[in-house]
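Asks: no sequence on hand, only this structure:
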């Protein structure tokens, strides 16, 4: 496989790992809040969080383009005050991946938190643990099944992201071209060999992700 | 020890728990039939349940004062709680479970790790996984874990239920001498008169949420 | 009786029994001008023109995959040659229809002063160009910039787009600093202004060839439209759009 294609693979993996890491704290916090608390307007939050899952990806991409473009509310702010461009840069790739994979992390993590016996959290408190300690030593480990599944799904979704990415990041060789985008280009240009090679890479990545998550789950159940 | 409960009121499913009592003995039993409100009473003292009204203080430290909307957080009450349900942390080893309560706490000289572990005879269980413990072993580890958090009061909710006679006896003996050994007072919930008589100095009779008597266990439960 | 007349009329309206359907695949830059010519022809002839606009490279691929095109107008010779090699066009019908000019556009509210392509090197960060690997507008741009020795310097700034209209849209949105499009594209947009026009003799020769497909559904109807495309009426419309007429 030529070096150009390796660059695309490395870039895709790096961007997706980064975006998954980025959404982890916010995603877990959101999942936890949605599981444990009720407040007026909670349904609205749940709906907004689920939107990227249900909207056509290009529709989400359009929203992101309007918001983060140089003339959009957030894009203009970033451009004026920090001289940062989002659209048509690697940042847009991370943005698209993060937004599209966020609902998957939240939904899975929420199921994980739901399954935690809150009485055990209470016991931990009787033993003197502060709320933060209870969360990290009791809640999180007991919810890890759902959380790990959520991370794997989010990562896989990020790798497969296309519709929002092509709108908001473009398909710029060497700078924003991801695995999915390159397969698309290869097919468009009639470069079938490239397309098939990259297809194999996708299968390998997907396979590894699922295998790793199964491995982690086995380890946890043995503790 | 001095546990002062004033005007505790907690609406339950079938009736309202209403308790007004002072407890001073080191080993007190709360005795009554199932559904009398014993667990709810214990949970309220532990801070795991908010009463409708109450003023509770332990050794002059205020736990609850509903009038001032005050409730001391659970973790600051320093109470060891042994519930009826399985409460060991399933993802931690026995040893990790035991050490959970003493993390970052100032070590109390009378509550050393080995002392407690030997006393409850669980030294051989340290590396075991929680799921592999028998019910009797489970109970002893839970009691040890509670003790290791250096509590000022132990709350035990029917710890000997569902144990066979031989095991019951063994742990019974340990509970009998626990106060002498470690100086920690206890509230012991049970519906077994034999346990109450064997372990405690005073018994409180609870029925349908009301205290209907108190006194010497041997006399009252004879 | 009345009901059956109604039904028949409805069916006729839907089926267009009298007129033929002609599938015209045309380069993206021809979108507005061809729609005008198409609707004028429809009124005259009673035939229906169905357009498919896109990058010439994309359209050529579709035709090779046996998409049902009757007429193909490409923005460069290479794509038409491809189809000729595959034996898909009626070669005797092939003509050079139009030419165009390449321009550099900037957003109409841009403060950048671009007087020449060289200015792009220092004054711009992102330049929209139709994908230079396949789309004619991009290929022309790359040829031109390579000739000037600027391609290497500008390549890192280039944002490739699906077709030339997408490049125009990118400039309109303000998300890029400048873009290379045809003069005719700049004409239809009020959100961009032309900063520099590539003179005919400086730039690569731009040719829009047209041809009838060998497997055209209705040969005579398609041929009639092809003739119309080279009529005086069509010429007027093309020139109004800013195209250079080659027939």
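Replies: Arrived safely, thanks for sending. Just so you know, these numbers come straight off a predicted model, no measurement behind them.

Asks: what residues does chain C have near chain A?
Replies: Residues of chain C lying near chain A by CB under 8 Å from any CB of the partner chain: C:57-58, C:61, C:125-126, C:131, C:133-134, C:158-161, C:173-176. Glycine gets a C-beta too; all of them are placed from N, C-alpha and C.

Asks: check contacts around residue C:107.
Replies: C:171, C:172, C:174, C:191, C:192, C:193 (CB atoms under 8 Å, 6 or more residues apart in numbering or on different chains).

Asks: contacts for stretch A:24-32?
Replies: A:45, A:49, A:102, A:105-110, A:112-113, A:135, A:139-140, A:147, A:150-151, A:154.

Asks: which residue packs closest to residue B:208, ignoring adjacent ones?
Replies: Distances taken as CB to CB, 6 or more residues apart in numbering or on different chains place residue B:15 nearest to residue B:208, at 5.0 Å, with adjacent residues excluded.

Asks: what comes up buried for stretch A:10-29?
Replies: Neighbour-count burial for stretch A:10-29, counted by 16 or more other CB atoms under 10 Å in any protein chain shown, picks out A:11-13, A:15-16, A:18-20, A:22-24, A:27-28.

Asks: what residue ranges in chain C score low on pLDDT?
Replies: Filtered on pLDDT under 70, chain C yields the residue ranges C:1, C:9-18.

Asks: okay, domains of it per the record?
Replies: What automatic domain parsing lists as the domains of chain C is C:2-99+C:207-245, C:102-197.

Asks: out of those domains, deepest packed?
Replies: Among the domains of chain C, ranked by average contacts under mean count of other CB atoms under 10 Å in any protein chain shown, first place goes to domain C:102-197 (a mean of 20).

Asks: which residue ranges of chain B form strands?
Replies: Secondary structure of chain B (DSSP state E): strands at B:3-11, B:16-23, B:27-31, B:53-58, B:61-65, B:70-71, B:79-82, B:153-157, B:186-190, B:202-207, B:210-215.

Asks: what's the longest one packed up against?
Replies: Read that as strand B:3-11. strand B:16-23, helix B:38-46, strand B:53-58 (3 or more CB pairs under 8 Å, 6 or more residues apart in numbering or on different chains; DSSP states H and E).

Asks: looking at the contacts of residue C:107, which is nearest residue B:187?
Replies: Nearest to residue B:187 among those: residue C:174, at 71.9 Å, using CB to CB.

Asks: picking up where we left off before, so among the contacts of stretch A:24-32, which ones count as buried?
Replies: A:49, A:102, A:105-110, A:112-113, A:135, A:139-140, A:147, A:150-151, A:154.

Asks: just the ones in strands from those, please.
Replies: Per DSSP E, the subset of the buried ones among the contacts of stretch A:24-32 in strands is empty.

Asks: so which of these belong to helices?
Replies: A:49, A:102, A:105-110, A:112-113, A:140, A:147, A:150-151, A:154 (DSSP state H).

Asks: quick check: closest non-adjacent residue to residue C:163.
Replies: Sequence neighbours aside, residue C:55 is the residue nearest to residue C:163 in space, at 3.7 Å (criterion: CB to CB, 6+ apart).

Asks: the one you found contacts residue C:161, correct?
Replies: No. Taking CB atoms under 8 Å as the definition, residue C:55 is not a contact partner of residue C:161, at 9.1 Å.

Asks: could you tell me which residues touch both of those two?
Replies: Taking CB under 8 Å, 6+ apart as the contact rule, residue C:55 and residue C:161 both touch C:130, C:131.

Asks: all good on my end, thank you.
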